[in-house]
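**Student:** Sequence and predicted structure below; questions after.
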There are 2 protein chains.
Amino acid sequence: MTVAVAMDHVDAAEEVSEFTLANGLHLVVIPDRRAPVVTQMIWYKVGAADEPPGASGIAHFLEHLMFKGTDEIPPGQFSKIVARNGGDDNAFTNHDVTAYFQRVAKDRLPMVMAMEADRMANLRLTPEDVAIERDVILEERRSRVDNDPGSILQEQMMAALYSNHPYGVPIIGWEHEIKDLNRDDALAFYKRFYAPNNAILIVAGDVEPEEAKTLAEGAFGKIPPSSSLDGRTRPSEPDHAAPVRVTLEDARAGRTTVQRYYLAPSYSSAKPGEAEALDLLMRIAASGSVSRIYKRLVVEQKKAASAGGWYSDSGLDSGRLGFYAIAADGVSAEEIDKAIEEVTTELRDSGVTQAELDRARKSYIAEFVDTQDSQSRMARHYGWKLSMGMSIEDVQAWPDRLRQVTLQDIKNVAQKYLVEKNSVTGYLLPIPEYTSSIGDKPAPVPQAGKS
Amino acid sequence: MTVAVAMDHVDAAEEVSEFTLANGLHLVVIPDRRAPVVTQMIWYKVGAADEPPGASGIAHFLEHLMFKGTDEIPPGQFSKIVARNGGDDNAFTNHDVTAYFQRVAKDRLPMVMAMEADRMANLRLTPEDVAIERDVILEERRSRVDNDPGSILQEQMMAALYSNHPYGVPIIGWEHEIKDLNRDDALAFYKRFYAPNNAILIVAGDVEPEEAKTLAEGAFGKIPPSSSLDGRTRPSEPDHAAPVRVTLEDARAGRTTVQRYYLAPSYSSAKPGEAEALDLLMRIAASGSVSRIYKRLVVEQKKAASAGGWYSDSGLDSGRLGFYAIAADGVSAEEIDKAIEEVTTELRDSGVTQAELDRARKSYIAEFVDTQDSQSRMARHYGWKLSMGMSIEDVQAWPDRLRQVTLQDIKNVAQKYLVEKNSVTGYLLPIPEYTSSIGDKPAPVPQAGKS
């Protein structure tokens, strides 16, 4: 039940199978026989960016409500039943997908499949369920966003980065819109998007593909497909003309921190090869203590206590590049801002070195080996990529595509995407915020005759 | 056929009449017998903020297309017929309203009424009309926005000021969305919003109210009301947490200019009395050479060559306060920014003086007298206010409400709305914009072994 955006990169050497049931459900089976456990994940191709305008938060709200009940499962019992059977379960909502997963002993797979199929079609919501869960989510928003200046600033930066595309609307929703969400909104969203032909079912673990298919047909096969899936047309982002800076002064902020986001394509929206080059660029530029930004700002210039960055590569319509640095004592946000700009200028002007490229590629391969060891990460990786429209072949060919990236490719994407006018820079400053003085001061005596 | 946002403030002592026809058309008659001319304006309660997401510009596009033709009026002949009859005509689109008007000799009123009624119900569009007009609008956008750094910056500032409400989308539309607008979009928007029960017909001039009513019934009475008007629910703006700064560097910019916008209520969305107080506050703060900002920045500090501001009071859901200053030679945008902040701090801390308040009120009364002399301004004033849901009585009581504003009221709204976190500040800098160097430099020799 978390709001998640990060993802991992993995390859897969083992045999992954896929089937499409008659009702459109896409089944993917990832064998993993090291232990008698299975991971089931169901991915609905719907997220916060598919919400009707003004109803922000409904995708995440519905994700919470999916744990309420059906005719078969009493309210609030879903996770308890999984736990009583020795498993665990969770869910998350993103701008583009909503996913539910359970990890159980292999003999419990039929049970969790039946439960997941049941709530795909037969969700029952009482007005009380809805009212209680809305309060839970408002509290979640308060604790995660409103009590955390870093999250507040991130929300404002995203709103500035995406002025037209709904990625600018927070996944959890704007507080004033969450307050107005109701049972009808949730059920309308559920009926529109929750259907076998809008879902991918991942089964990873100790199970034969044909057995998983037979089980899925038994559990999900009777659910009719939806005829109301009307595509996912979101407004796209216009060209940006000018860089934006957002300044949050907050007494709760620990240290002066500067973040910069750039609009960039994602794996789904990029031209061939560009996402792979961006992946390597940002690994070299901003990942770890050998990265460009860390070496320049922390080690050499001693302007920052820490520095790094990332490539958010998983959106259906757009991705983002990000840099951040936490200022050293006595260093201003403006100095950090300039130092980040110098790092990006260097990348645009001179690209990266062969040694940096070789090291970055190697570290990805190491991660890929790690990921293959994790059943849940494999399930998550395939679920995410396939939800974004990729094929199993696309997923498996990724390491080869990574190997083809050249120094010139990296310099090209640096020059194309590390462009200031496509950036939003956030300053988080640990000093008291200005507050309106209404009510704090005695009413003044009206002044006469002075101008 | 212009995109307009400004409005005037007037009072009306004369007898204004209103009628509602059986099909819901709201008719308002404003007598003016100084010359044998009449002004007809029809106001549709629909604007750019009512557009479907992703179809920005369709309201303004449809406004253009309304000049194409019907079964009665050959394509492109509407304005020519008005002109051949000695009149003139025009139209404009706003975020909240779309209005069409003609000024003609009084004996031509039946003719223009019939023409306006005809195109309310019987618009005919060929694919060629639509394709040609889309190119006209793209050219309009290029010349008005894309060739004018001030307009580019304003567009980016509005997008930052309204991150959730559609006021952040430009009235003319985002270029990439205008390119995709088509005949079906235009006709769907037309059928949804153009109907007698979504319109206000203003007739100002040398006409008897009953005569105008009879004419309107004859011309518009046969048009059936729409049953598909489904309210105007737009997403509202969340609380802002942090001030935003947008910097546009453009070689075409004349001089360094700083603008600051604040979110504030409009006459439609304000609590009683607040809009009137904001009106007076901004007149005192920023209108003319005796205003606070002009006196401080231009006369006393000599930091600015010019300075001023405004209150955009006419939105259905929200208004804006604005300040601007053009820097004197050698003065930086940051200095101007600080100087503007000092002016607003002074207003929050100390309010305004009685002499300033008296002078501002007096200048409004002078404007009101001026406006009453203009038939078209009266028609425009009533049309706008009534389209925003006000009554004729509300409009006429405005001067009295203005007279009740106190010094404390003004200080209260200054403290409530001149709040930095609700602001967006734009810097327009006349220096070359950073451009990506792709293609501008020879390809480098890949470097090896350096990190």
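**Tutor:** Arrived safely, thanks for sending.
**Student:** And A:F19, its phi and psi?
**Tutor:** Note on A:F19: backbone dihedrals following degrees, to the nearest 10 are phi -140, psi 150.
**Student:** Would you mind naming the residues that bridge with it?
**Tutor:** Note on A:F19: beta-bridge partners A:L27, judged by DSSP bridges.
**Student:** A:K213 is in contact with that one, correct?
**Tutor:** Yes. Assessed by Cβ atoms under 8 Å, A:F19 is found in contact with A:K213 at 5.0 Å. (Glycine included, C-beta is placed from N, CA and C.)
**Student:** what's the overlap in contacts for the two?
**Tutor:** A:27, A:29 (Cβ atoms under 8 Å, 6 or more residues apart in numbering or on different chains).
**Student:** So which residues on the stretch 201-350 of chain A come close to chain B?
**Tutor:** Within the stretch 201-350 of chain A, the positions near chain B by Cβ under 8 Å from any Cβ of the partner chain are A:233-236, A:238-249, A:290, A:348-350.
**Student:** Try it again at 6 Å.
**Tutor:** Within the stretch 201-350 of chain A, the residues that sit near chain B (Cβ under 6 Å from any Cβ of the partner chain) are A:235, A:238, A:241-248.
**Student:** Please narrow the residues you listed to those residing in helices.
**Tutor:** Among those, no member is found in helices (DSSP state H).
**Student:** Pull out the buried residues from the residues you listed.
**Tutor:** Among these, those classed as buried by 16 or more other Cβ atoms under 10 Å in any protein chain shown are A:235, A:238, A:241-248.
**Student:** Make JSON lines out of those residues and add distance to B:K302 and pLDDT.
**Tutor:** Listed next are those as JSON lines, based on distance: Cβ to Cβ, whole Å; pLDDT from 0 to 100:
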{"residue": "A:P235", "distance to B:K302": "45", "pLDDT": "94"}
{"residue": "A:P238", "distance to B:K302": "39", "pLDDT": "95"}
{"residue": "A:A241", "distance to B:K302": "31", "pLDDT": "93"}
{"residue": "A:A242", "distance to B:K302": "28", "pLDDT": "95"}
{"residue": "A:P243", "distance to B:K302": "30", "pLDDT": "97"}
{"residue": "A:V244", "distance to B:K302": "30", "pLDDT": "97"}
{"residue": "A:R245", "distance to B:K302": "27", "pLDDT": "97"}
{"residue": "A:V246", "distance to B:K302": "31", "pLDDT": "97"}
{"residue": "A:T247", "distance to B:K302": "28", "pLDDT": "96"}
{"residue": "A:L248", "distance to B:K302": "33", "pLDDT": "95"}
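**Student:** so of those, which ones are in strands?
**Tutor:** Here DSSP state E is the test, and these give A:244-248 as lying in strands.
**Student:** out of those residues, what pair is the most spread apart?
**Tutor:** A:V244 and A:L248 (13.3 Å; Cβ to Cβ).
**Student:** ok, whichever helix or strand A:E140 is part of near chain B or not?
**Tutor:** Using DSSP states H and E, A:E140 sits within helix A:127-141. No. Judged by Cβ under 6 Å from any Cβ, helix A:127-141 and chain B are separated, with a smallest distance of 11.1 Å.
**Student:** Using PDB, list the CA coordinates for that helix.
**Tutor:** The C-alpha trace of helix A:127-141 is given here as PDB (Å, rounded to 0.1, in the frame of the first residue of the first chain):
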ATOM      1  CA  PRO A 127     -19.900   4.100   2.900                       C
ATOM      2  CA  GLU A 128     -18.200   3.500   6.300                       C
ATOM      3  CA  ASP A 129     -15.200   1.700   4.600                       C
ATOM      4  CA  VAL A 130     -14.800   4.600   2.300                       C
ATOM      5  CA  ALA A 131     -15.000   7.300   5.000                       C
ATOM      6  CA  ILE A 132     -12.500   5.500   7.300                       C
ATOM      7  CA  GLU A 133     -10.000   4.800   4.500                       C
ATOM      8  CA  ARG A 134     -10.200   8.400   3.400                       C
ATOM      9  CA  ASP A 135      -9.100   9.500   6.800                       C
ATOM     10  CA  VAL A 136      -6.300   6.900   6.800                       C
ATOM     11  CA  ILE A 137      -5.100   8.400   3.500                       C
ATOM     12  CA  LEU A 138      -5.300  12.000   4.700                       C
ATOM     13  CA  GLU A 139      -3.200  11.000   7.600                       C
ATOM     14  CA  GLU A 140      -0.800   9.200   5.300                       C
ATOM     15  CA  ARG A 141      -0.500  12.400   3.300                       C
END
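**Student:** What lies in contact with the helix or strand that it is followed by?
**Tutor:** The helix or strand immediately downstream of helix A:127-141 is helix A:149-161, counting by DSSP H and E. By Cβ atoms under 6 Å, 6 or more residues apart in numbering or on different chains, the surrounding residues in contact with helix A:149-161 are A:145, A:168, A:170, A:244, A:246, A:248, A:250, A:252-253, A:261, A:424, A:426, A:428, B:160, B:163, B:241-242.
**Student:** what about helix A:149-161, distance to the chain center?
**Tutor:** The chain centre lies 15 Å from the centre of helix A:149-161; the measure is Cα atoms, centre = their mean, to the nearest Å.
**Student:** After that helix, which helix or strand is next?
**Tutor:** Immediately after helix A:149-161, counting by DSSP H and E, sits helix A:175-178.
**Student:** residues in contact with that next one?
**Tutor:** A:56-57, A:137-138, A:141, B:238.
**Student:** Only the buried residues of the helix or strand that that helix is followed by, if you could.
**Tutor:** Where DSSP H and E defines the elements, the next helix or strand beyond helix A:175-178 is helix A:183-193. Buried positions in helix A:183-193, judged by neighbour count with 16+ other Cβ under 10 Å: A:183, A:185-186, A:189-190, A:192-193.
**Student:** do stretch A:287-299 as well
**Tutor:** Buried residues in stretch A:287-299 (16+ other Cβ under 10 Å): A:287, A:291-294, A:296-298.
**Student:** Then stretch A:94-112?
**Tutor:** A:94-105, A:108-109, A:111-112.
**Student:** Same question for stretch A:377-391.
**Tutor:** Buried, per 16+ other Cβ under 10 Å, within stretch A:377-391: A:377-388, A:390.
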